[in-house]
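>>> Show me how the following folds:
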Amino acid sequence: MKKQFARLFCALGTLFITILFIGCEVDSSESGSRNVDINVWGVYHGQADHYTSLVNNSSGSRPEYFDLRQYGDQLEAIDNHGIIFRGTIGSVNSEAKTCSFTLEGKTTVGNRVIVNGNINISGSQAIMEGTWIEDNLYAVLYGKATAPAQSSNTLTIAASATTISTNGTATLTASGGTGSYTWTVTTSTYGSVSPTTGYQVTYSATSSNGTQTITVSDGSTTKTVDIKQQ
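Next comes the predicted model:
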């Protein structure tokens with residue numbers, strides 16, 4: 001009886017540790033992604049005016065399309081052969097609606113592939129273009145998809161006045177973006193902002209006959225406003 005109880009206790013302990021480990025893995029994966037101000041998911045097909053297939057050369061059968069899924073800045077693409085490519089979004093220009101990306105996968109004959117390029121949202125189309133790199137092969141990738149809906153949460157900056165005199169002030173207000181704002185001035189001898197963080201700050205001019213450029217950043221995007229001092 002004691003032996004049976006010991007076996008049951010060990011089994012339950014092992015199950016608890018396994019569940020705990022799995023839970024940690026899930027949390028780690030989720031925390032590894034970051035939010036980006038662009039949506040690029042869609043099915044990117046090769047175009048007849050380029051190479052018909054998505055890639056103009058490959059050591060195996062060329063992929064005809066990428067079914068691209070997006071989870072924050074994490075990307076997963078499945079081609080028409082069922083091969084999975086994984087990667088990330090790099091730099092993002094939310095105003096131009098373009099971003100860099102990297103994907104890694106294999107060809108149909110098992111050769112490692114790295115895809116580097118850019119995705120640009122242009123009207124109703126999303127355009128993917130880049131390079132397809134194998135150990136002994138370099139090719140070009142080009143495809144189009146129907147553009148997904150984009151976030152309208154663009155970083156903006158507003159000033160209560162854009163012309164002030166010496167010792168004058170202007171209230172600056174940021175909105176959109178990530179909601180975390182940092183403010184800087186280009187020429188500190190012209191004036192300063194206070195505080196330097198937060199959605200609303202006050203700019204105070206300490207000189208005249210100059211133009212101050214004030215920048216707000218949300219960590220990934222910046223906006224500027226010029227204030228003329230007279």
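>>> check contacts around I227.
By C-beta atoms under 8 Å, 6 or more residues apart in numbering, I227 lies in contact with 159, 161-164, 170, 203, 205, 211-212, 214. C-beta coordinates here come from the backbone N, C-alpha and C atoms, glycine included.
>>> Export those residues as CSV, with columns for neighbour count.
Converted to CSV, those look like this (neighbours: other C-beta atoms under 10 Å):
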residue, neighbour count
A159, 16
A161, 13
T162, 11
T163, 13
I164, 21
A170, 22
Y203, 25
A205, 21
T211, 14
Q212, 24
I214, 23
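>>> Can you name the residues bridging to the residue lying closest to H50 once chain neighbours are set aside?
Nearest-residue entry for H50: Y142, 4.5 Å, with adjacent residues in sequence omitted and distances by C-beta to C-beta, 6 or more residues apart in numbering. Going by DSSP bridges, Y142 is paired in beta bridges with E129.
>>> if I read this right, S220 contacts D73, doesn't it?
No - in this structure S220 lies outside contact range of D73 using C-beta atoms under 8 Å: 10.4 Å.
>>> Mutual contacts of those two, please.
If you check S220 and D73 against C-beta under 8 Å, 6+ apart, the residues they both contact are V36.
>>> show me the contacts for the spatially most central residue of the chain.
Nearest to the mean C-alpha position of the chain, counting by C-alpha atoms, centre = their mean, stands V36 at 3.7 Å. By C-beta under 8 Å, 6+ apart, V36 lies in contact with 72-73, 89, 92, 99, 220.
>>> let's see it at 6 Å
73, 89, 92 (C-beta atoms under 6 Å, 6 or more residues apart in numbering).
>>> taking the residues you listed one by one, which sit in helices?
Of the positions in those, not one sits in helices, assigned by DSSP state H.
>>> buried subset of those?
If you count burial by 16 or more other C-beta atoms under 10 Å, the buried members of the contacts of V36 come out as 73, 89, 92.
>>> Show me the chain divided up by domain.
Here the domain parsing of the chain from automatic domain parsing is 42-146, 156-229.
>>> For V92, give the beta-bridge partners.
If you apply DSSP bridges, the partners that V92 bridges to are C99.
>>> whoops, E76 was the one
In beta-bridge terms (that is, DSSP bridges), E76 pairs with R69, R86.
>>> that older thread, so the residue nearest to the centre of the chain sits in a helix?
No - read with DSSP: H, G, I helix; E, B strand; the rest coil, V36 is coil and lies in no helix.
>>> Name whatever forms a beta bridge with E134.
Counting by DSSP bridges, the residues bridging with E134 are L137.
>>> typed the wrong thing, it's T171
T202.
>>> Adding secondary structure and distance to I121, write the contacts of I227 out as JSON lines.
Compiled in JSON lines, the contacts of I227 are given as follows (DSSP: H, G, I helix; E, B strand; the rest coil; distance: C-beta to C-beta, whole Å):
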{"residue": "A159", "secondary structure": "strand", "distance to I121": "29"}
{"residue": "A161", "secondary structure": "coil", "distance to I121": "35"}
{"residue": "T162", "secondary structure": "coil", "distance to I121": "31"}
{"residue": "T163", "secondary structure": "strand", "distance to I121": "36"}
{"residue": "I164", "secondary structure": "strand", "distance to I121": "38"}
{"residue": "A170", "secondary structure": "strand", "distance to I121": "34"}
{"residue": "Y203", "secondary structure": "strand", "distance to I121": "34"}
{"residue": "A205", "secondary structure": "strand", "distance to I121": "39"}
{"residue": "T211", "secondary structure": "strand", "distance to I121": "34"}
{"residue": "Q212", "secondary structure": "strand", "distance to I121": "34"}
{"residue": "I214", "secondary structure": "strand", "distance to I121": "29"}
